[in-house]
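K.L.:
build me a structure from this.
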Amino acid sequence: MISKIFIIAKDGVLCYSKSFFGSGHRDTEIVNFLTSINHVGKTVGLGEIKSLNFSNLNIIYSYDDYNCMYIITADIDDPEEEIRDKLELIKKEFITRYHTQLENWNGKAKKFKDFDRFTESHVFIPPKILLAGEDGVGKSTIMGLFPGETILELDDDMNEIIQKTINSPNFEGISEFILREVNIQDLVGYSKIYKMLLDSADIICLVTNSGAGNLSRTKQLFLELKQKTIKADFYIIANFQDLVNTSFEPEKINESFEIKTFGFSAIRADAKDIIYKVISIILKNSIIDKFENKYNHFI
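P.N.:
The predicted structure follows:
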């Protein structure tokens, strides 16, 4: 996913920045590094940097006729050509809107703040959460706890995808996320068919009914699924915790799977509040904190 956008004017002044995840408190240091390394490359005769590839970050550069640098940082697993397409879109729109200011650059960056609306609507890629479990474990019930219309879509291979786009104004830096559901047996048994769905997932929540039989099957399917997954973090939502005589406690499930497990009961009156809290924790752990950690080790 794209995490940061920087537009740096000809004199090294940061005229626009956007952090989609996290606080952006180290942006000044990052900009100084990205500007300096580009300057060194040109000084020693290597020319302008097109991209930097680190172990967990991909940094793409582009330039315009006003000597501005346009930079996107994204996850290393994101296809570089797709990120570059987004970067060129940003550059084209920025020049269209602000060419007069760029021609008469006076070092004042506040005038570019309204560019947020464009980047938020055209560049931000919402995190994708996949609810995977057997039939009858409560995937659709969990989907129904979130507002909005559940949509049945077809991917490029004509596979049905049930999904819902959910606005999340209270989640730090994440304005929305996409929730999808799929039968875990189909996901494993037809992994080639569902490859695009798997590859695009940032988070996979295994939904179980917390009973022994379902947990045993889910664990075996999880071990197979994990081998077919590129980047997704795994969590477990242990549903039906109200069935105290047949359900295993979240701590026991966590110990068996070695995956963070959240106990849940869809019939509770506060089920909606609980699932919102669960998703917010998952997004913080796997999106916001993960990107913050990457940047903390970046420089």
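K.L.:
now for the residue nearest the centre of the chain: which residues touch it?
P.N.:
Closest residue to the average C-alpha location of the chain: Pro127 at 3.4 Å, with CA atoms, centre = their mean. By CB atoms under 8 Å, 6 or more residues apart in numbering, the contact list for Pro127 reads Met1, Ile174, Phe177, Ile178, Asp202, Ile203, Leu283, Ser286, Ile287. No exception for glycine: its C-beta is placed from N, CA and C like everyone else's.
K.L.:
let me see the backbone angles for the last one.
P.N.:
For Ile287, the backbone dihedrals are phi -120, psi -60 (criterion: degrees, to the nearest 10).
K.L.:
might one say that it is in contact with Asp202?
P.N.:
Yes - in this structure, Ile287 is within contact of Asp202 by CB atoms under 8 Å, at 6.7 Å.
K.L.:
for those two, list the residues in contact with both.
P.N.:
Listed as contacting both Ile287 and Asp202 by CB under 8 Å, 6+ apart are Met1, Pro127.
K.L.:
show me the shaky parts of the stretch 151-299 of the chain.
P.N.:
152-160, 169-173, 294-299 (pLDDT under 70).
K.L.:
mind listing the helices for the stretch 151-299 of the chain?
P.N.:
For the stretch 151-299 of the chain, the helices defined by DSSP state H, counting those that start in this stretch cover 184-189, 195-200, 212-227, 250-257, 271-283, 289-296.
K.L.:
in the second one, what counts as buried?
P.N.:
Using 16 or more other CB atoms under 10 Å as the burial criterion, the residues of helix 195-200 that qualify are Leu197, Leu198, Ser200.
K.L.:
now do the strands in the protein.
P.N.:
Under the criterion DSSP state E, strands of the chain are mapped to 2-8, 14-19, 51-53, 57-63, 69-75, 128-133, 151-154, 160-167, 176-183, 203-208, 233-238, 261-263.
K.L.:
about what we covered before: now, which of the buried residues of helix 195-200 sits nearest Asn254?
P.N.:
Leu198 (23.4 Å; CB to CB).
K.L.:
now do the contacts for Tyr70.
P.N.:
Counted by CB under 8 Å, 6+ apart, Tyr70 has contacts Ile5, Phe6, Ile7, Tyr61, Ser62, Tyr63, Asp64, Leu87, Ile90, Lys91, Phe94.
K.L.:
got the CA positions of stretch 253-266 in PDB?
P.N.:
What follows is stretch 253-266, C-alpha atoms only, in PDB (Å, rounded to 0.1, in the frame of the first residue of the first chain):
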ATOM      1  CA  ILE A 253      -7.000 -21.100  20.400                       C
ATOM      2  CA  ASN A 254      -4.200 -18.500  20.400                       C
ATOM      3  CA  GLU A 255      -1.800 -21.100  21.900                       C
ATOM      4  CA  SER A 256      -2.800 -23.700  19.400                       C
ATOM      5  CA  PHE A 257      -2.600 -21.600  16.200                       C
ATOM      6  CA  GLU A 258       0.000 -19.100  17.500                       C
ATOM      7  CA  ILE A 259      -2.100 -16.300  16.100                       C
ATOM      8  CA  LYS A 260      -3.600 -13.400  17.900                       C
ATOM      9  CA  THR A 261      -7.200 -14.500  18.800                       C
ATOM     10  CA  PHE A 262     -10.200 -12.400  19.600                       C
ATOM     11  CA  GLY A 263     -13.200 -13.900  21.400                       C
ATOM     12  CA  PHE A 264     -16.500 -12.900  19.900                       C
ATOM     13  CA  SER A 265     -20.200 -13.500  20.100                       C
ATOM     14  CA  ALA A 266     -22.400 -12.100  17.400                       C
END
